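Undergrad: Quick one: sequence and predicted model below, then my questions.
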Amino acid sequence: MECEKAGSGSIGLNRKIFNELLKTNADEGRYRIVDVASAIPYFSLSGEEEKKQWYCDGLHFTKNGYEKVARLVIDVIRQRM
């Protein structure tokens with residue numbers, strides 16, 4: 001199955017814009033965010049690690065990736081309780 005990677009073309013640009021908007025609104029106190037990009041740094045993963053964490057489109061996580069995100073979210077929630 002061929003996929004357009006999220007780091008290329010309009011998908012990568014839209015991801016960057018969307019993430020910046022999320023951070024700006026969170027900084028204004030509208031909501032809290034969990035910085036998944038720091039935990040699973042898409043652009044700096046090795047090819048093998050990328051395959052473990054990301055589906056071929058680079059936009060959706062694999063089962064392993066979603067499990068890592070879930071652990072991260074749970075950790076943040078526990079810290080704030």
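TA: That came through, no problem. Residues are numbered from 1 along each chain as shown.
Undergrad: C-alpha only now, for contacts and for neighbours.
TA: Will do.
Undergrad: Residue ranges in the chain under the pLDDT threshold?
TA: When residues are selected by pLDDT under 70, those of the chain lie in 1-9, 42-43.
Undergrad: Any buried residues in the longest helix along the chain, and which?
TA: Longest helix of the chain, by residue count under DSSP state H: helix 9-27. By neighbour count on 16 or more other CA atoms under 10 Å, the buried set for helix 9-27 is 11-12, 23.
Undergrad: List just the nearest of the residues you listed to G47.
TA: G12 (17.6 Å; CA to CA).
Undergrad: how close does N14 get to Q79?
TA: Separation of N14 from Q79 (CA to CA, to the nearest Å) stands at 31 Å.
Undergrad: What of V34?
TA: Separation of V34 from Q79 (CA to CA) stands at 12 Å.
Undergrad: Can you pick out the residue with more neighbours from these two?
TA: When V34 and Q79 are compared on other CA atoms under 10 Å, the one with more neighbours turns out to be V34, at 15 against 8.
Undergrad: which SS state does the closest residue to that one other than its chain neighbours fall under?
TA: Nearest residue to V34, sequence neighbours excluded (CA to CA, 6 or more residues apart in numbering): V73, at 6.5 Å. Classification of V73 by DSSP: H, G, I helix; E, B strand; the rest coil places it in helix.
Undergrad: if I look at V73, how far off is V36?
TA: From V73 across to V36, the span is 9 Å (CA to CA).
Undergrad: One more: D57?
TA: 17 Å.
Undergrad: same thing with G58?
TA: 14 Å.
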